[in-house]
Each structure stands twice: as structure tokens, then as C-alpha cells.
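[1] Have a look at this prediction, sequence included:
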Amino acid sequence: MDAFTSFFDSQSSSRNRWTYESLKNFRQISPVVQNHLKLVYLTLCCALVGAAAGAYLHLIWNIGGLLTTLATVGCTIWLLSTPPYEEKKRVSLLMAAATFQGATVGPLIDLAINMNPSILISAFGGTALAFGCFSAAAMLAKRREYLYLGGLLSSGVSILLWLRFASAIFGGSASLFEFELYFGLMIFVGYMVVDTQEMIERAHLGDLDYVKHALTLFTDFIAVFVRILIIMLKNADKNEKKKKRRD
């Protein structure tokens, strides 16, 4: 946990260092890598549009569930096993995976719309803001500065999986679920930074697979969005119950 604390402390202290030196670090990114980043983020935006379309399809036909989850996993595995030179096929698979992922998240989005549509807008805006800020932090920081966090984040994901496994066997509690929620949010926010820096380093080494990199960032974005949305829904529900008690 000390590493996580130092990471977030470094974010606040680095505000004073984001001057000419930060911009100079950004200029160290070659034109080829900058073009790659443009392709990655453009593809990511298209994937998010696909996810929104999938969520809309769920609202119309109620298709989100186990089948769309399996379809997302299937399309992702198919994409990763497809050679990079089959670019159109890989982009199509990414859009399909994003659409199925949106349909999978559809029931949660439906719940948010029924409770208060502004919660959905706030959750998406908060996720986009966090994604933008932490991606910028990764780009403006020194190269490889946050890559050391990758091992800690992987350990955090393992802890989440074991907690989920234990909850399924022995039964979970509200406090355990809340811990998983906030701890998972912190983990995937960290992955936003690490994956962005790793993507830049891979691009510097010649790995310009923008479809795969967009898939990685899309996964991080959805993971953070879902957790922020659940937290906001829980808080809204608590406030609603408090109002009923007062009345």
C-alpha cells in the first residue's frame, strides 16, 4: 500500500514540476509514436461508441447477460490470435467486442437511468476526466517512471480474484464488497498509467499494434467506469433511504 500512496503523492507533487521540463519529456516522443498514439486514442473513441451502441441495444432488446459476456471474451481472444496484418478484421473484432461489452454493462446502465440519469452522465464524465488526467501524467512523466507499479497492480488483481473466489464459497458481506469496489477502482486507475507508459515504450521499440493497445485502454476505461457507476449508485441509494427516514 505504501507504493500506491507514494504514487498518488507523486501525482500531487508533480503538479509543480509540470512546466517546461514536462513538455520537454513529451517532445521526447518521436513523431512515429505520436502518430501511433493518435491512432490508439481514435480507435479507443470508436470502441467507446460501440460500447454505447451495445448498451442501447440492451435497453431495447434486453440482450445483456452471460451470452454477451462470453461473446466479449470470444471476440477478444479471436482478436489477439489474429495476425497484425489483418488490420480490418482486427478492428471489426474490437468493435464487436466493445459492442458486446456495452451490452454486458447494459443492465447496470439501465438501473442508473431508472434511478437518476444524471448519475450515468456524472460517472462517464468522471471516468473520462480520470482517464485523461492519468494518461497525461503517464505521457508527461519520465519514461518508465511508473512501469514498476505493474507488478504491484498484478498482485492487487490477484487479491481481488481470491476475494471474489472466497466470497463465492463462504458468502460475502457488504463491507467486503465495498472494499473490493474501492480497491478495484484504485487498481484499474493505476493500470491506466502503467498501460499508457507501457504502450509508449512498446511503440518506441517498434510495436505499433494500435488495435491491441486500444483494447487494453478500453478494458481499463470500462473497469473504472463500472466501479465509479456502482459507487455513485450506492451513494444515491443511501441518500434516498436517509430522506425516506427523515420523512
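    Okay, I see it.

[2] Poorly predicted segments of this structure, please.
    Within the chain, the segments meeting pLDDT under 70 span 1-28, 247.

[3] Give me the buried positions along the lengthiest helix in it.
    Identified as the longest helix of the chain according to DSSP state H is helix 210-246. Residues of helix 210-246 classed as buried: 210-233, 236 (neighbour count, 16 or more other CB atoms under 10 Å). C-beta: built from backbone N, CA, C; applies to glycine.

[4] dump the residue contacts of residue 147.
    By CB atoms under 8 Å, 6 or more residues apart in numbering, residue 147 lies in contact with 194, 197, 198, 201.

[5] I figured the first one hits residue 146, correct?
    Just to be clear, that refers to residue 194. Yes: at 5.7 Å, residue 194 counts as touching residue 146 under the criterion of CB atoms under 8 Å.

[6] which residues are in contact with both of the two?
    Joint contacts of residue 194 and residue 146 (CB under 8 Å, 6+ apart) are residue 138.

[7] How about residue 33: what's its closest non-neighbour residue?
    Spatial nearest neighbour of residue 33, chain neighbours left out: residue 203 (4.4 Å); criterion: CB to CB, 6 or more residues apart in numbering.

[8] Please, which helix or strand holds that neighbour?
    Using DSSP states H and E, residue 203 falls within helix 174-204.

[9] just how off-centre is that helix within its chain?
    On the basis of CA atoms, centre = their mean, to the nearest Å, helix 174-204 sits 7 Å off its chain's mean C-alpha point.

[10] What helices and strands are in contact with it?
    Secondary-structure packing of helix 174-204 (3 or more CB pairs under 8 Å, 6 or more residues apart in numbering; DSSP states H and E): helix 2-13, helix 31-61, helix 117-140, helix 149-170, helix 210-246.

[11] what's the neighbour count on the nearest residue to residue 221 once chain neighbours are set aside?
    When the adjacent residues along the chain are set aside, residue 221 lies closest to residue 131, with 5.7 Å between them (CB to CB, 6+ apart). Look at residue 131: counted by other CB atoms under 10 Å, it has 19 neighbours.

[12] What are the neighbouring residues in contact with residue 131?
    Contacts of residue 131 (CB under 8 Å, 6+ apart): 192, 217, 220, 221, 224.

[13] Determine which two of the residues you listed are furthest apart.
    The distance between the two most remote of these (CB to CB) is 10.7 Å, for 217 and 224.

[14] shared neighbours of the two, anything?
    Taking CB under 8 Å, 6+ apart as the contact rule, residue 217 and residue 224 both touch 131, 192.

[15] list the contacts for the residue nearest to residue 33?
    32, 33, 36, 37, 213.

[16] And it, how close does it get to residue 37?
    Remark: distance between residue 203 and residue 37 (CB to CB, to the nearest Å) = 7 Å.

[17] Quick check: residue 141 touching residue 197?
    Yes: the pair residue 141 and residue 197 qualifies as a contact (CB under 8 Å) at a distance of 7.3 Å.

[18] got the CA coordinates for stretch 53-64 in CSV?
    What follows is stretch 53-64, C-alpha atoms only, in CSV (Å, rounded to 0.1, in the frame of the first residue of the first chain):
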residue,chain,number,x,y,z
ALA,A,53,-24.4,1.2,-29.0
GLY,A,54,-24.3,-2.2,-27.2
ALA,A,55,-25.8,-0.6,-24.1
TYR,A,56,-28.5,0.9,-26.2
LEU,A,57,-29.3,-2.4,-27.8
HIS,A,58,-29.7,-3.9,-24.3
LEU,A,59,-32.1,-1.1,-23.4
ILE,A,60,-34.2,-2.0,-26.4
TRP,A,61,-34.0,-5.8,-26.5
ASN,A,62,-32.6,-6.8,-23.0
ILE,A,63,-29.7,-8.8,-24.5
GLY,A,64,-27.1,-8.1,-21.9
